[in-house]
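Student: Structure for this input, please:
(chains A and B)
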Amino acid sequence: MSTHSTRTGLLLAVAALLFFLCPLFVSRYTIFVLNLFAIYALVAIGLNLVMGYTGLISAGHAGFLAIGAYTTAILSTSMGWMSPLVILPIAGVLTGLIGFALGIPILRLKGFYIAMVTLAFGVVVAEVVLQWSSLTHGDDGYKVPRAVLGGFIFDSDVKLFFLIQPITIAMTLIARNIVRTRAGRAFKAIRQSEVASETMGIDLAKYKTAAFAVSAFYTGIAGGLFAYAVGHISPDSFSMSVSIDFIAMIVIGGMGSILGSIIGAVILTGIQHALSELPEVQTLIFGIALIVFMIFLPKGIGGKIPDLMQSILRRNRNH
Amino acid sequence: MRPRRIGWLFVVSLTFLTLGFNTGASAEPGVTDNNVVVGCSNSFSGPLAFTGTELIKFGTELYFNYINEKGGINGRKITLKTYDDAYDPTKAVSNTKKLVMQDGVFCILSPQGTSPIFATLDFLAEQKVPLFFPFQGAPLQSKMVFTSFTFYPKEAEIVLHWLVEKKGFKKIGMIYQDDKYGYLYRDQAQETLKSMGMQLAALESVKRGAIDLSAQMAKLGQADLDALMVILVPGPAAMVIREAKKAGWTKTKLVASGPVTDEKFIILSGNEGEGVWGFSLWPDPVHSQKPAVVEYRKILEKYAPGHVANRYSLFGFFYAKAFCEALQRAGKDLTRENLIKAAEGIKNWENGIISPVNFSDADHEAQEDGFMVEVKGNVFKPISGWLSLEKGKLVERPLGE
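Tutor: Below you'll find the predicted structure:
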């Protein structure tokens, strides 16, 4: 076992090294796409915590993304000296608090009513951004200043790569730990049966609002990174279809799976980028993929991978 | 076990990434001896898919096909690379980055929509990539950008001057879309009327995609207006007409903005648009007998038989032509800098479609005028000459139809 874990550690280290060396040998556009992959992976992880793990449908995560993005943009403008390592957590916490507040009315609701409330939330956020133009510049859009960390300016996609990727990796590891703790087990129990988990002594109100808060925190941080990566945000960037895309990510990737969230985000964003030349085909593939996944892989790719890997490993061992 | 699997996943996906993407670089991006690559991110799906498709697929691309068949410009064929952004600014940014950093396009031509376009401006400026003739009407001034049709605030100013000075209207109201397009119009209208010692007699807004305007129209009906400026898109604007008919408005003249003055608007209003005024940027794409418009219809018929002519494909066609004019003037030694200089050298370019185009190093606006039309027999008939503003004064020149 010990040699095994050393080998695993070594492999991970090589992978990480290779990954952080990739700006040397892939195009700048690829780096930009990798950054978007990471940002959407964070959103998908956040959404998965509330939807995949806890079973509360959220159709308004674009709203959280917008709050994180605008908080970051506004803070970076008014307090340009502030490090992104301070601004991003503020954006995350603020979004988390709003997620917590949204979680309270949701305690009274079930199933699709939650979807309706969160859907409305997403629309309301976009509307507030549009109307509160003294703060958000409304429909003109907001030009996001560059992130500056101790005099170092993140003024290219490659430089941002070294801000976005480490944060995503760290937060992915944290999420992996969250779902293994008492809270994570409580989330899963709530999804399976609210009545049963309440009987077991799980405080439904506490864990449901916590799920929303943590989910919003993740999406808020992603929003901040999104603002830096895209450089110009406007209410149109956070439309309802963006929220729907997020749901599709975790449906395809796998509900209740951290790895699945990443895979879903990469696949969906990847399809959009690879097929932006052929919009009709893109919509077609997207639609068919969703139906196929719902029927044949209800647990998504992330839910299937462990089984697949296991069977491959078993076969190898037998030979 | 799990971390090891993730490790492998990383290695495998990295290999794919390295193999999958690669960039080509040359002296001047997108230019070879016999080819020039131009890029465009536009709406081919989403709310503005119709406009985007007509604009690019039946306008710009059609004209380039026609030019390429004749041997191209200065021996270079033009390749248009297009991506769909579905009116999403984020996608517009990624598409533009892809066009510039991966496809290495020479310049960007005719993207659509204020939000998506403005989201890409900083990146384009940073990379020193020229942007030609975006399809949008928010004021935009930059060394690297050449704009297309008359900006919305200027349009508002022209229309108001005409209504007040030529028609003697006193009580003017407005119904506008609750977004940047609407605000640009509204704010300019308030300012212009103020300078004339007047003000908007009534003002109502409409949410994008609204399907019921009865409340707004009821309020506007009480204001006893001489004219109501309709700053919407064709669908809701047609509703305004129907509501006005239903409520029996007789005194109030409906005046459509540039984006509303479109054949689709007449069709949607279902024969009830008779007598409505509008601000037109273009000669009638279907009926005009101007030789250049006839040529447009001929080329459209050749490459897309049976496809109906409209203002969007005419836009694409016309600005592709204007772009080729600049390309021609830039000569064999084609660089981004040369192209901008060549475009700035375009003076009094008689094109047979809009007023002669003038550019200079301070003026990058292709069009700064328009004319008033009235719906007669389901066709927009001109009721004024080309209207423009010179030093705040309304100037009228003959249409030359």
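Student: burial measure for residue 29, as a count.
Tutor: All of this refers to chain A. 20 (other C-beta atoms under 10 Å in any protein chain shown). C-beta coordinates here come from the backbone N, C-alpha and C atoms, glycine included.
Student: nope, chain B
Tutor: Neighbour number of B:Pro29 under other C-beta under 10 Å is 21.
Student: Surely it forms part of a strand?
Tutor: No - counting by DSSP: H, G, I helix; E, B strand; the rest coil, B:Pro29 is not part of a strand but coil.
Student: Which residues are in contact with it?
Tutor: B:Pro29 is in contact with B:100, B:104-106, counting by C-beta atoms under 8 Å, 6 or more residues apart in numbering or on different chains.
Student: ok, now B:Asn68?
Tutor: The contact partners of B:Asn68, by C-beta under 8 Å, 6+ apart, come to B:77-78.
Student: Can you narrow the contacts of B:Pro29 down to the ones near chain A?
Tutor: Among the contacts of B:Pro29, no residue is within reach of chain A (C-beta under 8 Å from any C-beta of the partner chain).
Student: So in chain A, where's the weakest helix or strand by average pLDDT?
Tutor: When each helix and strand of chain A is scored by mean pLDDT, DSSP states H and E, helix A:300-318 comes last, with a mean of 75.
Student: buried residues in it?
Tutor: A:300-306, A:309 (16 or more other C-beta atoms under 10 Å in any protein chain shown).
Student: Using CSV, write out the CA atom coordinates for that helix.
Tutor: The C-alpha trace of helix A:300-318 is given here as CSV (Å, rounded to 0.1, in the frame of the first residue of the first chain):
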residue,chain,number,x,y,z
GLY,A,300,-23.8,11.0,-15.7
ILE,A,301,-20.3,10.2,-16.8
GLY,A,302,-18.9,10.8,-13.3
GLY,A,303,-21.2,8.1,-12.0
LYS,A,304,-20.1,5.6,-14.6
ILE,A,305,-16.3,6.2,-14.5
PRO,A,306,-15.6,4.4,-11.3
ASP,A,307,-17.5,1.3,-12.5
LEU,A,308,-15.7,1.4,-15.9
MET,A,309,-12.3,1.9,-14.3
GLN,A,310,-12.9,-0.9,-11.9
SER,A,311,-13.8,-3.4,-14.6
ILE,A,312,-10.8,-2.4,-16.7
LEU,A,313,-8.5,-2.8,-13.6
ARG,A,314,-10.0,-6.1,-12.8
ARG,A,315,-9.5,-7.4,-16.4
ASN,A,316,-5.9,-6.3,-16.3
ARG,A,317,-5.3,-8.1,-13.1
ASN,A,318,-6.8,-11.3,-14.4
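Student: before we move on, the earlier item: pick the one among the buried residues of helix A:300-318 closest to A:Leu259.
Tutor: Checking the buried residues of helix A:300-318 against A:Leu259 by C-beta to C-beta gives A:Gly302 as the nearest, at 5.0 Å.
Student: middle-most residue in the chain, spatially?
Tutor: Answering for chain A, as no chain was given. Nearest to the mean C-alpha position of chain A, counting by C-alpha atoms, centre = their mean, stands A:Val43 at 1.2 Å.
Student: wrong one, I was asking about chain B
Tutor: For chain B, the residue nearest the mean C-alpha position is B:Phe135 (2.9 Å; C-alpha atoms, centre = their mean).
Student: these two touch, right, B:Ser41 and B:Thr82?
Tutor: Yes - using C-beta atoms under 8 Å, B:Ser41 makes contact with B:Thr82 at a distance of 7.4 Å.
Student: about what we covered before: looking at the buried residues of helix A:300-318, spot the one nearest chain B.
Tutor: A:Met309 (5.7 Å; C-beta to the nearest C-beta).
Student: Need the per-residue pLDDT for B:Asn22.
Tutor: Looking at B:Asn22, its pLDDT reads 42.
Student: So which of B:Ser41 and B:Thr82 has more stuff around it?
Tutor: B:Ser41 (30 against 24).
Student: Quickly list what that one is bridged to.
Tutor: Legend: beta-bridge partners of B:Ser41 under DSSP bridges are B:Tyr83.
Student: Run through the residues that contact it.
Tutor: B:Ser41 makes contacts with A:276, B:82-85, B:91-92, B:95-96, B:99, B:108, B:111, B:116, B:120, as judged by C-beta under 8 Å, 6+ apart.
Student: Mind checking which of the residues you listed land in strands?
Tutor: Using DSSP state E to define strands, the subset of the contacts of B:Ser41 located there is B:82-84, B:108.
Student: residue boundaries of the helices in the chain?
Tutor: Since you didn't name a chain, this refers to chain A. Taking DSSP state H as the test, the helices found in chain A are A:2-21, A:28-47, A:61-78, A:84-106, A:112-131, A:133-136, A:157-178, A:182-192, A:194-199, A:204-230, A:240-253, A:258-274, A:279-296, A:300-318.
Student: The intended chain is chain B.
Tutor: B:2-20, B:49-55, B:61-69, B:89-97, B:114-126, B:152-161, B:180-195, B:214-221, B:234-246, B:263-268, B:291-303, B:311-330, B:336-344.
Student: any idea how far the shortest one is from the chain center?
Tutor: The chain centre lies 18 Å from the centre of helix B:263-268; the measure is C-alpha atoms, centre = their mean, to the nearest Å.
Student: What of the second one?
Tutor: Mean C-alpha position of helix B:49-55 versus that of the full chain (C-alpha atoms, centre = their mean) differs by 11 Å.
Student: Who are the packing partners of that helix?
Tutor: Helices and strands touching helix B:49-55, as assessed by 3 or more C-beta pairs under 8 Å, 6 or more residues apart in numbering or on different chains; DSSP states H and E, comprise helix B:311-330.
Student: Who are the packing partners of the helix it packs on?
Tutor: Taking 3+ C-beta pairs under 8 Å, 6+ apart as the contact cut, helix B:311-330 packs with helix B:49-55, helix B:61-69, strand B:107-109, strand B:131-132, helix B:291-303, helix B:336-344.
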